[in-house]
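*Asks:* Sequence first, then the predicted structure, then my questions.
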Amino acid sequence: MHRLKILAGALALALLMAGAAFGQTVNTGTANFSTYVAMGDSLTAGFSSGSLEQKYQVNSYPALIYREATGKTTGFEQPLVSAPGIPGILMLTGLFPTVITATPGLGQPLNLNLPRPYNNIAVPGATLHDLLTKTQSTSANDITDLILRRLGATQLQEGLSLKPTFVTLWIGNNDALAAATSGIAIEGVTLTPAAQFDADYNTVVNAIIATGAKMAVANIPDVTSIPFVTTIPRFLVNPRTNQLVIINGQPVPLIGPNGPLQAGDYVLLTASAELAQGRGIPAAAGGTGQPLSDNAVLSAAEVATIKAHVDAYNNTIRTVANAKGLAFVDANAVLRDLATNGIAIGGIDFSSAFLTGGIFGYDGVHPTAFGYAYIANLFIDAINTTYGGSIPEVDLYPFIFGPLPNQTATLAAPLTGKAIPSATGFVFTPEARRSLLQSLNLPSWVVDGTKPPRKPRHPHN
Amino acid sequence: MGRALSVVALVTLAAAPLHAAGFSIFEQGSKALGMAGAFTAQADDPSMLFYNAGGLAFVDKTDFSLGATWIRSTKADFQGAAPFPGPGYKAEQETLSEFPPHAYWVQPITNTWKFGLGIETPFGLTTSWKNPDQFAGRFLSTKASLQAFDINPTLGWQITPTFGLGVGGIVRVSKVELNRHIAAINPFTLQAVDVGRLNLTSDYTKDSYGFNVGILHRWNESFSWGLSYRSEIKVDYTGNARVTQISSGNPLFDAIVGTQIPFGTKLPVKTNIDYPAEASLGLAFALTRNLLLETDVNWTGWSAFKNVPINFTGGAGSSLPDTSLPQNWKDVYSYRAGLRWTTSPASQWRFGLVFDKNPQPEEGVSPLLPDADRTGYCIGYGHTQGFRYDVGFMYLDFKKRTVNKFRPSEGPFFGTYQTRAALLGLTLNF
């Protein structure tokens, strides 16, 4: 009896000590990350600079959340792709003028034989509706098959088949973004109708929480907070001075499909190749006098249409998040703040500026590794707030100075660009544009710049 | 009576919150140092010119005093936290070793009017980080230093045999230096790189004035009290900044950066610092014939230290965008207790204890000037006949300061600062 007590005491002590030894567990509050599934689109997949590539995938915001929440580096499976990624990752090859082009070649899938769905099941290019309906690629450039692997299930079904204990859902970006990146805002083609978004969003969230999983969701940034839309001014710029060209005391507006560009019109990054050929520049200022293509310009009316849709989507997301008690990340507010004020980390300034801001990569749409780590911390803060945990934030040091975690080498030495005559000093090459639009899974007529099948210019009329 | 009061004073002291630090240097005499600066109600050596000008009224012979305090950090570490610079990050400051000096001359003019001249170093600071080119906080500060000397002529008036008043003028001579790196995003790597080293050095300013006033009431043989005030002084600095370029390794990018920042050029700059007012109340009780206890409360009006504006005045081509270093400090109190034990007509032992509350809000704690609450333990000895000298020693323990807040203009630099210092003072009297 006495001996038994001593034995019990010794056992309890041993257990306590074992607990202490292995007790480096993170306090996740009421959230449980033992099976974490990330659903979404390219932003969740870790797509950066126009490509899905391992270097960025291993530091996708879901991978970072997983590492912080579990303290583990394995167990979170992703559809990794070797360098130079799929499609070939964009690179900067010159500064005078600025030339961005796709790395030749394609990466190889590295995790294609995983005998279960991926934890990061996000499909680049996916719209909200795709989560519920799409099971395979629908065009040659569509990389849905790389992620869903023709298992006959949708992104939602594959994700739920893992019986997740925690799900992050950041979806809806492509429901509005495609309209911005293609310069064409047509409800039902590049814009999801708000009512459909609302119905689908409720369906998806209800299906996830019905499994008992806890959730974190993020809303949709406004398209005017990304450098793809905000970088090129609507006036002609002298590439040597980077100052506006002034003729007769006035700046020279570029020519869009409906004449000289007006206040509120935006010139997309993809316009740079046309501008390099003199399109969009008045003959008097040395251009061809021909208008920029519709794909290259986002008119004030299109911006308003897109914004109205984004506002409606975000209303849905916030309403659902509040009603269901989900952790909520206001990505829209954060990106607007980044575009307006920037942020500082330890005295280093970051902004939404293209190339020099450090938050967005070479496609002007998707974040850099630093941008994703910053987003991961937004999720972690929201999760801690909602579920009462104390998951540590991601250490930003390697994302600011490099090398990236799980990487042994920094980026290859920059190439020196060859001089290309240019009216803007900036070229987003046709290949770069193509790989970006492909990755967004747009219809081929948008990617190829051929005529749309129908022509309702004002979708709200 | 003395004893009863002293107990009350001690209880009050114990119950008070542990509170006045910043970059003030309260060690301006080795006698006072031995008693942790609890000297306002004694003020009976030439350092009275700093501690309480009221004491000057009682001076009955010419006296000179010259000394310095050796301030040496024994530990000044930083341990990082997420999100930046991260939990695995550690840094150290260079070992601080400084000798702020003090010199005093007191001279009776008549039986009731006395003159004194003091040179003091009431403020000072050096924060210098090791391996500045690698230090993660280099974009906030690599080295900051500030020196201030006061030239302090004072008149003392013995109004009654037990009541003295002193009034002085202060000329503050000072200089400030700031150093940090400038970062940019390298478009080829989309990561941050160092592009320049910024040095900002002011000239010595000589035209900043203030005043001090003190009263000392030697109530009776066993009790005295004193009140001392030194005014707030706003110092305007002019100087020059200079940025030297750091190559990113990419000549194209370096060329672009070169068009944005005027490297290697003198950039005229203006700034100002509001130095706080200080007030002290001291009560001294003779416990026995040979034993004296003093308790002091000091107030420092650090709320004056709101902001350090950095304004570039050189115009196009020789300036950078104006900036400012917000401070928003708070007024603070410190509590001091000193015990003086006279062991012979020629010798005194002194002991002291100080609780010093830091005035710096958490979001303002940065590599520029990381402050923390302090506790100081003191011992001192004085030889008061023949070859007269005082030595004082203080061991200063800073409370660990953990930073989890930031100013948006600077961004997070989270972690824990830990500092310890030792002070050794020697003052010679002639």
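*Replies:* Nice, thanks for sending it over.
*Asks:* For the rest of this, base every contact and every neighbour count on C-alpha atoms.
*Replies:* Fine.
*Asks:* Output the contacting helices and strands for the helix or strand hosting A:E68.
*Replies:* Secondary structure assignment for A:E68, by DSSP states H and E: helix A:61-70. Helix A:61-70 is packed against helix A:369-387, with contacts defined by 3 or more Cα pairs under 8 Å, 6 or more residues apart in numbering or on different chains; DSSP states H and E.
*Asks:* which parts of the helix it packs on are buried?
*Replies:* A:369-384, A:386-387 (16 or more other Cα atoms under 10 Å in any protein chain shown).
*Asks:* quick one: average confidence on the next helix-or-strand element following it?
*Replies:* Helices and strands here follow DSSP H and E; after helix A:369-387, the next one along the chain is helix A:397-401. The pLDDT scores in helix A:397-401 average 96.
*Asks:* What helices and strands are in contact with helix A:397-401?
*Replies:* Judged by 3+ Cα pairs under 8 Å, 6+ apart, helix A:397-401 is in contact with helix A:369-387, strand B:191-202.
*Asks:* and the angle from the helix holding A:E68 to helix A:369-387?
*Replies:* 50 degrees (axes from the mean of the first three to the mean of the last three Cα atoms, to 10 degrees).
*Asks:* List the contacts of helix A:61-70.
*Replies:* Helix A:61-70 is contacted by residues A:25-28, A:33-34, A:36, A:38, A:44, A:46, A:57, A:72-73, A:76, A:120, A:168, A:372-373, A:375-377, A:379-380, A:391-394 when judged by Cα atoms under 8 Å, 6 or more residues apart in numbering or on different chains.
*Asks:* Show me what the following helix or strand past it packs onto, helices and strands only.
*Replies:* Next along the chain after helix A:61-70, taking DSSP H and E as the criterion, comes strand A:90-95. Counting contacts by 3+ Cα pairs under 8 Å, 6+ apart, strand A:90-95 packs against strand A:98-102.
*Asks:* let's see it at 10 Å
*Replies:* Here strand A:90-95 touches strand A:98-102, strand A:426-428, helix A:430-439, helix B:251-260, going by 3 or more Cα pairs under 10 Å, 6 or more residues apart in numbering or on different chains; DSSP states H and E.
*Asks:* Among the ones you listed, which one carries the weakest average confidence?
*Replies:* For the helices and strands packed on strand A:90-95, mean pLDDT drops lowest on strand A:426-428, to a mean of 59.
*Asks:* Check what pLDDT residue 417 gets.
*Replies:* I'll assume chain A. 31.
*Asks:* I was after chain B.
*Replies:* For B:Y417, the model assigns a pLDDT of 96.
*Asks:* Then B:L292?
*Replies:* 97.
*Asks:* max-length strand in chain B?
*Replies:* Ranked by residue count, the top strand of chain B under DSSP state E comes out as strand B:163-186.
*Asks:* What about the closest residue to chain B within the stretch 51-200 of chain A, how many residues nearby?
*Replies:* Relative to chain B, the nearest point of the stretch 51-200 of chain A is A:L92 (6.1 Å; Cα to the nearest Cα). Other residues within reach of A:L92, judged by other Cα atoms under 10 Å in any protein chain shown, total 23.
*Asks:* give me the beta-bridge partners of the residue nearest to it when sequence neighbours are not counted?
*Replies:* What sits nearest to A:L92 in space, not counting adjacent residues and going by Cα to Cα, 6 or more residues apart in numbering or on different chains, is A:I100, at 4.6 Å. For A:I100, the beta-bridge partners are A:L92, A:F428 (DSSP bridges).
*Asks:* For A:I100, give its distance to A:T93.
*Replies:* Distance, A:I100 to A:T93, using Cα to Cα, to the nearest Å: 6 Å.
*Asks:* again, but for A:Y61
*Replies:* 27 Å.
*Asks:* Looking at the two, which has the bigger crowd around it?
*Replies:* Just comparing A:Y61 and A:T93: by other Cα under 10 Å the higher neighbour count belongs to A:Y61, 29 against 19.
*Asks:* how far off strand B:163-186 does the one helix or strand B:K114 maps to point, in degrees?
*Replies:* Remark: B:K114 resides in strand B:113-128, with elements defined by DSSP H and E. Angle between the axes of strand B:113-128 and strand B:163-186 is 20 degrees (criterion: the same axes, to 10 degrees).
*Asks:* got the buried residues for strand B:113-128?
*Replies:* B:113-128.
*Asks:* Then stretch A:237-252?
*Replies:* Buried, per 16+ other Cα under 10 Å, within stretch A:237-252: A:237, A:239, A:244-245, A:252.
*Asks:* and the closest residue to B:Y389 other than its chain neighbours, what does it touch?
*Replies:* Leaving aside its sequence neighbours, B:Y389 sits nearest to B:L428 (Cα to Cα, 6+ apart; 4.5 Å). By Cα atoms under 10 Å, 6 or more residues apart in numbering or on different chains, the residues touching B:L428 are B:29-30, B:64-68, B:103, B:382-383, B:387-391.
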